[in-house]
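Colleague: build me a model from this:
(2 chains, ligands or ions: 2)
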Protein chains: 2
Amino acid sequence: MAASNVLQVGPHTYAVPVGMHAEQRQRLIKQFASAPANSYILLEGGNSKVTFKYDSDADNLFRQESYFNYLFGVREPDFYGAIEVATGKTTLFAPRLPEAYAVWMGKIQPASHFAERYGTEEARYTDELAAFFAERNVSLIYVLEGMNTDSERTTQAANFDGLDKFRVDRSTLHPVLSAQRVIKTEEELKLLRWLNDVSSKAHIEVMKTTRAGMAEFQLESVFLHNCYFHGGCRFMSYTCIVCAGSNGATLHYGHAGAPNDHVLKETDMCLFDLGAEYHCYCSDITVSFPVSGKFTADQRAIYEAVLDANLRVQRAMKPGVCWIDMHDLALRTLAEHLLRIGLVHGGSVDELMEADVPALFMPHGLGHFMGLDTHDVGGYGAGTLPRPTRPGFKSLRTTSVLAPNMVLTVEPGIYFIDAVLDKGLQDARQAKYLNNAVLQRFRGFGGVRIEDDCVVTATGCENMTKVPRTVDEIETLLCK
Amino acid sequence: MAASNVLQVGPHTYAVPVGMHAEQRQRLIKQFASAPANSYILLEGGNSKVTFKYDSDADNLFRQESYFNYLFGVREPDFYGAIEVATGKTTLFAPRLPEAYAVWMGKIQPASHFAERYGTEEARYTDELAAFFAERNVSLIYVLEGMNTDSERTTQAANFDGLDKFRVDRSTLHPVLSAQRVIKTEEELKLLRWLNDVSSKAHIEVMKTTRAGMAEFQLESVFLHNCYFHGGCRFMSYTCIVCAGSNGATLHYGHAGAPNDHVLKETDMCLFDLGAEYHCYCSDITVSFPVSGKFTADQRAIYEAVLDANLRVQRAMKPGVCWIDMHDLALRTLAEHLLRIGLVHGGSVDELMEADVPALFMPHGLGHFMGLDTHDVGGYGAGTLPRPTRPGFKSLRTTSVLAPNMVLTVEPGIYFIDAVLDKGLQDARQAKYLNNAVLQRFRGFGGVRIEDDCVVTATGCENMTKVPRTVDEIETLLCK
Ligand SMILES: [Mn+2]
Ligand SMILES: [Mn+2]
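Modeller: Residues are numbered from 1 along each chain as shown, chains lettered A, B, ... in the order given. Ligands and ions are numbered 1, 2, ... in the order given. Predicted coordinates for the structure are as follows:
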C-alpha cells in the first residue's frame, strides 16, 4: 500500500493524492456504525462494454463511473472495490486479463500493482470475489442501488457470480453515499480549484480568439485544446455549448442536432458554456460577451442585469440559506432590471414574481451541485424540500439548505426564447406585463448567462472561477 | 425533397451531398430484385440513450449508427428510415419531440424539415410507423440483423410497437448491405480523400510540434485541435494512439489504462496512429519518426524495412489480388530486412516464414477495410476465404480478393513486444532464428508502423494519405 501515491496526467497537471479516496472511504464507513459485524460495502466499477458504436469493434474511451471513482480513483474498466465496514480495509478486484492484452493493450500487471497504485490494503482478481467473501464468512454486503434524482437513471448495483449466496443490502448505501458526495473534502476542493483555473484560462484564450466569420465549433476546438494541452483534461464535463447570436436562446445548444456549426457575426452576443473534466471531477463555467469586443447599449443592459443577479446571489450565499431563496433573489434582481430596460412594465417586482414573469426570461434553475458529475448527486436527499412546481423553480436541481463545503454553480441568465415568450404573450396572467414593442427589439438576441463555480464557506461563498466579468474587464481583454 | 442539399460543418469543411445517400439506397434496392411486391427495408437509427455516465444526467454526444448513416446521412438520434423496395422511395421517421425541447434543445422542426434536409421523398413521425406500413398493406419488412465479423457484436434490428403484426425478414439485409459498403461510391471516395487530407495535414502539424519533454497527450491535443478547427471533425475515428519510445510496442496504446501520458525523450521513436472522422466516415493514418528529428542507424534500419513493406504492397495491390497474399508479401519483405539488420539469422526468408518468425515482429494484420467504421464491415463476406489460423494471418480483418473502389489501410510494422519475443525465444521452432544479442539492443525500442489509406483502382492502388514518408522527407520536415 502506498497511500502517498499521486495520480497525474503528465508532469505539469494536477497530482491527485490517492489518499483523497482513502479519506472518502473512511468518511463513508463512519456512517455505517450500526452495520452488523463483518459486513462489507461493495461497488462495481464502470465496464468497458458500453459503446455507441455498438455494432462495430470500436470502443469508446472509458471513463470511470462517478461513485466508484469517488471511493477508489481507479482509472481502468471492469474493477470492483470492497470496503470492510468495521475497519475501512479496502480490497480492489482487478479483471484477469487475457494473454493477448500484453500484445494489444500493454503490460499485464499483477493485482498487487493496483493496490500499490491506488493505495488500498489489498487487491485480488474479480474471479475471486465469491471466494473472498466466503473466506471471511461475511454477514452482509452493501451494494449501491438507487436512482439519480435528476435523470431518474439508476446505478448498476455490483453483481458477480455467487452474490446470491450472501445477504445483500440494496437500499442503505445509495442515500448515504449520495449525501456524502454533497459535502466536499478539502482534497476535492483543491482539485476543483485547480480545474477551475484550467477552464478559466481556456475561456480567456477562447475570448481572445473570437472573431466574426469564425464558426462556433472552432472556438470549441480552442477550448478543448487549451484544457487538454495545458491541463491534461481528456474529457469535458459536458457537451460544449458554444452559441453565437440567437443560438444563445437554446439552453443546451451544442448537441448532435445543433452542433455548434453557425458562423459568428460582428453583432452577435456569445454565450459559451464550457468546462473541462479531470480525474472525473467537473468544472462548469459560462461566459457571455459581444463578438465585436464592445457592448452595445442593449447588450450591456442585459449583461449587467445578469451580472447583478449573479453577484447578489454570491454575496447572499452562506450556511443556513436555502437554495430556493437564492433562486428567488436572482429572479427578483432580474425583474428590477427588466423593468428598467422596459422589457416588462405595469407591475411591481412582487407582482411580476407572482405572475412568474421573470421565469419567462430565465426558465432554468439558478444552479446545481457540482463535483464528480456536472449536475452532482444529492440534490433531493433526505430532509430537503420537495421539488417545487412553479415555472423556473421546478427546474432547480436542489432545494438544499447551504452548508460548508457544498459546491454549487451560480448561473443566472436572460434569454429570448420564442417558444417561451410566445406562451407568455398568450397567457393573460403574464401578457399584461410584457412590453411587446421592446421585446420585438430583442427577438433573435439569444441570451446571456454568467456561471461561476462556488464553494460555500463557513461564513459565505468562495468563487473558484477566475474570468473577466465586468463590462470593463471584458472590453479591456477584447480590445482589438 | 431537395436532393441537391449538402451537409456541412461550417463553411470551410467538406460539403456532403445528400445525394450520396440516395445513390447508396438505389444501389441497395437493386440487390432486392427478387423481393416480394410491396416490401420495405426498415432501419432504426442510433438512439440517444446509450451513455457511459449511465447513472447521471449527462449524455454522450450522439454519433449516428454507421449503417443508418450510410443510407440516410441523418445526424439526429432516434430516427427510423424506410425504403420501398420496388421504387426506392424513402421515408424518414422523426421522433416527436416534447414541448420542453424548444426551451432546452432548439426549435422543434416539423417532420417535413428532415425530408427537405436529407433529401428523402417523405418524412413522418416514429409513432406513425405501424400506421404507415398498415396503410400500405406491406407484404414484407426487411430489418438489419447480423453480426460484425470482427467484434462479434450484433446490430440492433429496427423495432417498433406493432412490428409483430407484419411479416419480417431478419436475415437477407445484413449480408447484402455489409457487402455493398465494401465497394465505395465515387461520392464516398471524394469525402474520404478530403478527410485524409485533413488528417494528413494535422499529422504534419503534430510532427513539427514534437519535442522532447512534451507529454504524449499534448501531441494528441494538437492533432485533435487541427482536425476540429480546420476540418470540423468533432470525433476521431478511434481512440488516439500517441506512443513515444517503448510504448510503441503496445499496439492499442492510448486507452484508459495507458492514456498517452508519458513524456517524450530525445532518443525515442514516435509512433502516432491518429485519424479524424467526418460525417461518420473514417481516416486511419500512422506516422513514425524520431523525436530528435534525425534517425539513428537503428531507427533508420527499422523504419526503412517497414517503408519497403508498405511500398511493395501498394505497388502489388490491384483487382484480383488476394489480401492474404499482400500480408504474406509484407512479412517476406520484413524478413529480408530483419536478416540484413541481423535481428534474425540462420535461415532463408522461406524458412523464416515457415516458422512464423516475421509475425513475432508484426503480430497484427497488414490492414483492413475502412469506411464508416475504422475496421469496416464486410471483411468476411460471402465468397471470401475463412479466417486463417497462422500467427499474424489470423488477425487479418479480411481475406478478400481486391476489387475496384475497395478502401484498405496498408499498415505494416515492426515492434519489439517483450511478451511476444519472449515466447518466440522459448519456442524451439523459432528461437534458433532469433539473434538474441542484436535483439537485446532493440528491447525498449518500441515500434514503427507506416499506415496509409488506399483505394483499389481499376489497375492498381491510389494512396490517399499525404504525409512525409521517406527518411529524407521526414528529416527535412523536422529539421530544427
Ligand atoms: Mn451549469
Ligand atoms: Mn488501421
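Colleague: surely A:T333 is in a helix?
Modeller: Yes. The assignment for A:T333 (DSSP: H, G, I helix; E, B strand; the rest coil) places it in a helix.
Colleague: which non-adjacent residue is nearest it?
Modeller: Leaving aside its chain neighbours, A:T333 sits nearest to A:A309 (4.0 Å; criterion: Cβ to Cβ, 6 or more residues apart in numbering or on different chains). Backbone N, C-alpha and C define where each C-beta goes, glycine included.
Colleague: quick one: contacts for that neighbour?
Modeller: Residues in contact with A:A309 (Cβ atoms under 8 Å, 6 or more residues apart in numbering or on different chains) are A:L329, A:A330, A:L331, A:T333, A:L334, A:H337, A:P412.
Colleague: most widely separated two among these?
Modeller: Spatial extent of the contacts of A:A309 (Cβ to Cβ) is set by the pair A:L329 and A:H337 at 13.2 Å.
Colleague: need the mean per-residue confidence for the helix or strand containing A:M353.
Modeller: Assigned by DSSP states H and E, A:M353 belongs to helix A:349-354. When pLDDT is averaged over helix A:349-354, the result is 98.
Colleague: from the contacts of A:A309, pick the one nearest ligand 2.
Modeller: Ligand 2 has its nearest neighbour among the contacts of A:A309 in A:P412, at 48.6 Å by Cβ to the ion.
Colleague: can you report how many residues lie near that closest one?
Modeller: 31 (other Cβ atoms under 10 Å in any protein chain shown).
Colleague: verify the contact between it and A:N310 for me.
Modeller: Yes. Between A:P412 and A:N310 there is a contact under Cβ atoms under 8 Å: 5.4 Å.
Colleague: find the residues that touch each one of these two.
Modeller: Residues touching both A:P412 and A:N310 (Cβ under 8 Å, 6+ apart): A:A330, A:I450.
Colleague: what sits against the spatially most central residue of chain A?
Modeller: Centroid check for chain A by Cα atoms, centre = their mean gives A:T374 as the closest residue, at 1.2 Å. Residues near A:T374 by Cβ under 8 Å, 6+ apart: A:S237, A:Y238, A:G275, A:C282, A:D284, A:H368, B:S56, B:A58.
Colleague: same question, A:E462
Modeller: With Cβ under 8 Å, 6+ apart, A:E462 has these contacts: A:C454, A:V455.
Colleague: quick one: which helix or strand includes it?
Modeller: Taking DSSP H and E as the definition, one finds A:E462 inside strand A:461-463.
Colleague: lowest average confidence, helix or strand, in chain A?
Modeller: Using mean pLDDT, DSSP states H and E, strand A:6-7 stands out as the lowest-scoring helix or strand of chain A, at a mean of 71.
Colleague: and the helix or strand that that strand is followed by, does that touch chain B?
Modeller: Next helix or strand after strand A:6-7 toward the C-terminus (DSSP H and E): strand A:16-17. No. Using Cβ under 8 Å from any Cβ of the partner chain, strand A:16-17 never reaches chain B; the gap is at least 13.1 Å.
Colleague: show me what strand A:16-17 is packed against.
Modeller: In terms of contacts (3 or more Cβ pairs under 8 Å, 6 or more residues apart in numbering or on different chains; DSSP states H and E), strand A:16-17 is packed against strand A:6-7, helix A:186-209.
Colleague: out of those, which one sits most buried?
Modeller: A comparison of the helices and strands packed on strand A:16-17 by mean neighbour count, using mean count of other Cβ atoms under 10 Å in any protein chain shown, puts helix A:186-209 on top with a mean of 20.
Colleague: I'd like the next helix or strand past that helix.
Modeller: helix A:216-231.
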